[in-house]
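> have a look at this fold, sequence not included:
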C-alpha cells in the first residue's frame, strides 16, 4: 500500500467489533491517487491522498 508523499498518510490498523462483540483485526486505507503535480517548478508524478488534493497543498497539472 502506498503512502501519501505530502502528508505521509498510509494504512491504519484497528479492531472491528461485531454485534456479538467478537473482535477481529481490520485496516483502513486512505484514498491515494497518482497525480502529476508541480513541485519546485518541475512536474512530477506522485502518490497523493485526496484530502491533500482538496486542501490545495499542491498544484495539479493536467
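That came through, no problem. All figures in this text were calculated on a predicted structure; none of them were measured in a lab.
> list the contacts of stretch 46-61.
Identification of contacts with stretch 46-61 by CB atoms under 8 Å, 6 or more residues apart in numbering yields 2-7, 9, 30-39, 43. Any C-beta I mention is one placed from the backbone N, CA and C, and that applies to glycine too.
> among the residues you listed, which are in strands?
32, 33, 34, 35, 36, 37, 38, 39, 43 (DSSP state E).
> now pLDDT and distance to residue 49 too, for those, in CSV please.
Shown next, in CSV, are the ones in strands among the contacts of stretch 46-61 (pLDDT from 0 to 100; distance: CB to CB, whole Å):
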residue, pLDDT, distance to residue 49
32, 96, 6
33, 95, 8
34, 96, 11
35, 95, 10
36, 96, 16
37, 95, 12
38, 94, 18
39, 90, 16
43, 95, 19
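> just to revisit the earlier point, what about burial for the contacts of stretch 46-61, which qualify?
4, 5, 6, 9, 30, 32, 35, 37 (16 or more other CB atoms under 10 Å).
> against residue 59, how distant is the last one?
To tie it back to what came earlier, the one meant is residue 37. 6 Å (CB to CB, to the nearest Å).
> how about the fifth one?
Computed as CB to CB, the residue 30 to residue 59 distance reads 21 Å.
> who's the residue minimising distance to the centre of the chain bridged to?
In the chain, the C-alpha nearest the mean C-alpha coordinate belongs to residue 49, at 3.5 Å (CA atoms, centre = their mean). Beta-bridge partners for residue 49, by DSSP bridges, are residue 32.
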